[in-house]
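Chemist: After the sequence you'll find the predicted model.
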Amino acid sequence: MQTFHDFARLLEIKRYAPNTINSYHGSLIAFQKYIGNKPIQELSTDKLLHEIGEVVLHKKLAYTTHKQLIGALKLYLMEIHNREIDFSTVYPKTQPRPLPVVLSLQEVKKVLDASTNLKHKCMLTMVYALGLRSGELINLKITDIDKTRRQIHLKNAKGGKDRILPYPDSMRELLKAYYLEFKPQTYLFNGQNAPQYAPESLRQVFIKACVKARIKKTVTLHSLRHSYATHLMDAGTDVRVIKELLGHNNIKTTLIYTHVTQRTLDKVPSPLDFLTALN
């Protein structure tokens, strides 16, 4: 799969975000394994579109995974093989945007307390404490933490953007204990036999913690990021500040949290209250 390696190298030269490179590279490898030995670029357009439909149905791909696969194939075939294909017939329709599922403060505490492994606890705590995407945590390097200025520098995050986050005092003791025990070298969280922690392993850590904490809501690791934003809004933090902390391009994306914040809901009376006032 040398051509996939060359593709990843090209994206790196073009300064794509590391998380995008890893996602596209992984998508191509998984798709190639699914279709067999014949290289992707040697498939006819009709056969390629057919195989995409098959893998979407057989693997029951999620919307984002489906969209990511097509994005990877389109860019790979164009950049490496100078071949342009119309994927519109297998492209997923616009995904409806349901309201985010948010954990309460008490539920977040239960999840974090359920993680007895120090590394696992530290990873989940940082996702919540900083509102990180999984890729942002995985790509975080030791040198990105400025203890003197009490800042964390996220580099080349989603959309290729950098952003600065405050380093909360409440994280310091936990992170120090983790560092002294595990002694990471370059990336803050390394895998068992790899320089970086695997995204799927991080998701499994969260799922196991939720099961142990007896969380009944249907949540994902990203729910910790949703909870971070909602809890900041509950506390009265300006939505424009939250937008910058989350790294959103458009404030409309951030405003979705106004639909679930308790601070807003608590101010809305029920018509039943009006009836009670008549008594």
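Modeler: That came in fine, so what should we check first?

Chemist: Quick one: low-confidence residue ranges for the stretch 101-250 of the chain.
Modeler: By pLDDT under 70, the stretch 101-250 of the chain has no low-scoring segment.

Chemist: Let me see the ranges of the strands in it.
Modeler: In the stretch 101-250 of the chain, the strands defined using DSSP state E, counting those that start in this stretch lie at 145-146, 151-154, 163-166.

Chemist: Can you tell me which of those strands is most buried?
Modeler: Counting by mean count of other C-beta atoms under 10 Å, strand 151-154 has the highest mean neighbour count of the strands of the stretch 101-250 of the chain, with a mean of 18. In short, each C-beta sits where N, CA and C put it, glycine included.

Chemist: now for the strands of the stretch 101-250 of the chain, which one comes closest to residue 189?
Modeler: strand 145-146 (12.2 Å; C-beta to C-beta).

Chemist: outside of that closest one, which residues touch it?
Modeler: 152-153, 167, 175, 188 (C-beta atoms under 8 Å, 6 or more residues apart in numbering).

Chemist: Please state the offset of stretch 263-278 from the chain centre?
Modeler: Once both centres are worked out by C-alpha atoms, centre = their mean, to the nearest Å, stretch 263-278 turns out to sit 37 Å from its chain's centre.

Chemist: So for it, first residue to last residue, what's the gap.
Modeler: Distance across stretch 263-278, first residue to last, is 27 Å (C-alpha to C-alpha, to the nearest Å).

Chemist: where along the stretch 51-200 of the chain do the helices fall?
Modeler: 63-81, 105-114, 118-130, 134-138, 169-182, 199-212 (DSSP state H, counting those that start in this stretch).

Chemist: For the fourth one, name the packing helices and strands.
Modeler: Looking back up the chat, that one is helix 134-138. The contact analysis (3 or more C-beta pairs under 8 Å, 6 or more residues apart in numbering; DSSP states H and E) places helix 134-138 against helix 18-35, helix 118-130, helix 199-212.

Chemist: what are the phi and psi values for the residue nearest to residue 70 when sequence neighbours are not counted?
Modeler: Spatial nearest neighbour of residue 70, chain neighbours left out: residue 87 (5.0 Å); criterion: C-beta to C-beta, 6 or more residues apart in numbering. The phi/psi pair for residue 87 (degrees, to the nearest 10) reads phi -100, psi 10.

Chemist: Residue 87: neighbour count?
Modeler: Counted with other C-beta atoms under 10 Å, residues neighbouring residue 87 total 16.

Chemist: Same check on residue 7?
Modeler: 22.

Chemist: who's in contact with it?
Modeler: 24-25, 28, 75-76, 79-80 are the contacts of residue 7 under C-beta under 8 Å, 6+ apart.

Chemist: what comes into contact with stretch 44-58?
Modeler: Counting by C-beta under 8 Å, 6+ apart, 31, 34-35, 40, 43, 61, 66, 69-70, 73, 85, 87, 89-90 sit against stretch 44-58.

Chemist: Flag the least confident of those residues.
Modeler: On pLDDT alone, residue 61 ranks lowest of the contacts of stretch 44-58, at 88.

Chemist: Assess the claim that it and residue 69 are in contact.
Modeler: Yes. Assessed by C-beta atoms under 8 Å, residue 61 is found in contact with residue 69 at 7.0 Å.

Chemist: quick one on the thing from earlier: which among the contacts of residue 7 count as buried?
Modeler: Applying 16 or more other C-beta atoms under 10 Å to the contacts of residue 7, the neighbour count classes 24-25, 28, 75-76 as buried.

Chemist: now residue 120: how far from residue 203?
Modeler: Distance from residue 120 to residue 203, counting by C-beta to C-beta, to the nearest Å: 12 Å.

Chemist: okay, those two: which has more neighbours?
Modeler: Neighbours around residue 120 and residue 203, counted as other C-beta under 10 Å, are more numerous at residue 120. The numbers are 22 against 14.

Chemist: Going by neighbour count, list what's buried in stretch 64-82.
Modeler: 65-66, 68-77.

Chemist: Adding distance to residue 108, write the residues you listed out as a markdown table.
Modeler: Converted to a markdown table, the buried residues of stretch 64-82 look like this (distance: C-beta to C-beta, whole Å):
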| residue | distance to residue 108 |
| --- | --- |
| 65 | 26 |
| 66 | 30 |
| 68 | 28 |
| 69 | 32 |
| 70 | 35 |
| 71 | 32 |
| 72 | 34 |
| 73 | 38 |
| 74 | 38 |
| 75 | 37 |
| 76 | 39 |
| 77 | 43 |
